[in-house]
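> make a model of this:
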Amino acid sequence: MGHIYKLIGCEIMFREICLCASRSSNIIDLQFMPKNLHDIGKEKMSAALQEEIDKIDDTSNRYEAILLCYGLCNYGIAGLHSKIPLVIPKAHDCITLLLGSKEKYKEYFNNNPGTFFKSTGWIERDANPNATGDSITSQLGINIDENSDDYDDETIEYLKEMLGNWVKNYSKYTYIDTGTGNFDLHEKYRESVSEEAKGRNWEFEKIIGDISLIQELMDGDWDSDKFLFVPPLNKISAAYGEDIILCESL
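Sure thing, here's the model as predicted:
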């Protein structure tokens with residue numbers, strides 16, 4: 001029998017994580033966290049993840065390590081610690097995990113500035129940022145539901161324009177096909193993203209993803225160039241360099 005690990009991952013990578021777990025010779029107990037953690041700010045995201053880690057500590061005799069299938073994700077993992085070892089990929093965000101390495105991510109990013117990525121998870125797990133009271137818009141007291149009585153039509157249009165202004169930084173959609181699911185599924189999503197790109201007058205590209213980094217995380221193949229091993233009494237910190245994250249004493 002292989003090793004026994006607990007994995008906490010973002011639901012954006014649900015299909016990829018499940019596939020890799022099925023292929024691993026290790027026993028992987030999976031737990032998925034909602035995509036909207038990214039919408040509530042780094043402090044609350046970190047607190048939510050730490051709460052889940054602390055629950056696992058109560059049963060730490062079962063697990064040899066906790067695997068975090070996350071990237072740095074706007075510093076949402078900074079400060080995380082555990083009474084048992086943590087292992088996490090050296091990644092800026094989930095796009096790195098879907099492309100296979102931080103080097104592939106950097107190369108594509110440099111060659112294709114202004115790209116917004118889509119994958120099965122980004123499409124299937126998409127959510128209204130106002131769906132939770134912890135979201136940034138909710139914390140600001142902003143409800144942009146068109147059926148709301150909180151604002152008049154003119155104000156609603158203004159808020160939608162301001163909050164939607166993030167698109168000005170993008171000019172391209174890239175759909176990442178990681179090979180999970182069947183051909184028809186990816187064709188449907190590729191067409192959907194392509195049509196959305198046309199509607200925005202953006203470029204569109206489909207690329208083949210690489211989930212080897214996720215697989216290596218579960219298989220225990222933790223090359224120090226790719227993964228950070230965090231022993232007990234240490235925490236995850238951001239590194240301003242190629243390593244992306246580092247280990248510091250509590």
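
> for the rest of this, base every contact and every neighbour count on C-alpha atoms.
Will do.

> only C-alpha atoms, please: export stretch 32-40 in CSV.
Presented in CSV, the C-alpha positions along stretch 32-40 are these (Å, rounded to 0.1, in the frame of the first residue of the first chain):
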residue,chain,number,x,y,z
PHE,A,32,-12.3,20.7,-2.5
MET,A,33,-12.6,24.4,-1.6
PRO,A,34,-14.9,26.8,-3.5
LYS,A,35,-13.7,28.9,-6.3
ASN,A,36,-15.1,32.0,-4.7
LEU,A,37,-12.3,32.0,-2.0
HIS,A,38,-10.4,34.0,-4.6
ASP,A,39,-13.1,36.7,-4.4
ILE,A,40,-13.0,37.4,-0.6
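
> rounded mean pLDDT for it, please.
Averaged over stretch 32-40, pLDDT sits at 85.

> let me see the domain layout of the protein.
4-96+211-249, 98-208 (automatic domain parsing).

> highest average neighbour count across these?
Comparing those by mean neighbour count (mean count of other C-alpha atoms under 10 Å), domain 4-96+211-249 ranks first with a mean of 18.

> still on that earlier bit, pick out the shakiest of the domains of the chain, pLDDT-wise.
Lowest mean pLDDT of these: domain 98-208, a mean of 77.

> where exactly do the strands run in the chain?
Secondary structure of the chain by DSSP state E: the strands cover 4-10, 27-33, 65-69, 86-89, 115-118, 172-177, 203-208, 227-230, 234-238, 245-249.

> can I get those in JSON lines including distance to Lys44?
Converted to JSON lines, the strands of the chain look like this (distance: least, C-alpha to C-alpha, whole Å):
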{"stretch": "strand 4-10", "distance to Lys44": "15"}
{"stretch": "strand 27-33", "distance to Lys44": "13"}
{"stretch": "strand 65-69", "distance to Lys44": "17"}
{"stretch": "strand 86-89", "distance to Lys44": "19"}
{"stretch": "strand 115-118", "distance to Lys44": "24"}
{"stretch": "strand 172-177", "distance to Lys44": "29"}
{"stretch": "strand 203-208", "distance to Lys44": "33"}
{"stretch": "strand 227-230", "distance to Lys44": "21"}
{"stretch": "strand 234-238", "distance to Lys44": "16"}
{"stretch": "strand 245-249", "distance to Lys44": "19"}
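
> what sits closest to the most centrally placed residue in the chain if chain neighbours are left out?
Central residue of the chain (C-alpha atoms, centre = their mean): Cys94, 3.9 Å from the mean position. Counting by C-alpha to C-alpha, 6 or more residues apart in numbering, Cys94 lies nearest to Gly71, which is 5.7 Å off, once chain neighbours are set aside.

> surely that neighbour meets Ala91?
Yes: using C-alpha atoms under 8 Å, Gly71 is in contact with Ala91, at 4.5 Å.

> need the residues touching each of those two.
Leu97 (C-alpha atoms under 8 Å, 6 or more residues apart in numbering).

> name the residues that touch the longest helix anywhere in the chain?
As assigned by DSSP state H, the longest helix anywhere in the chain is helix 183-200. Residues from elsewhere that reach helix 183-200 (C-alpha under 8 Å, 6+ apart): 118, 120, 123, 172-173, 175, 177, 203-206.

> what two of those are the furthest from one another?
The widest separation within these, taken as C-alpha to C-alpha, falls between Thr120 and Glu203 and amounts to 19.1 Å.

> quick one: the helices in the protein?
Here the chain has its helices, by DSSP H, at 14-23, 42-57, 94-99, 102-111, 120-124, 136-139, 153-163, 183-200, 212-219.
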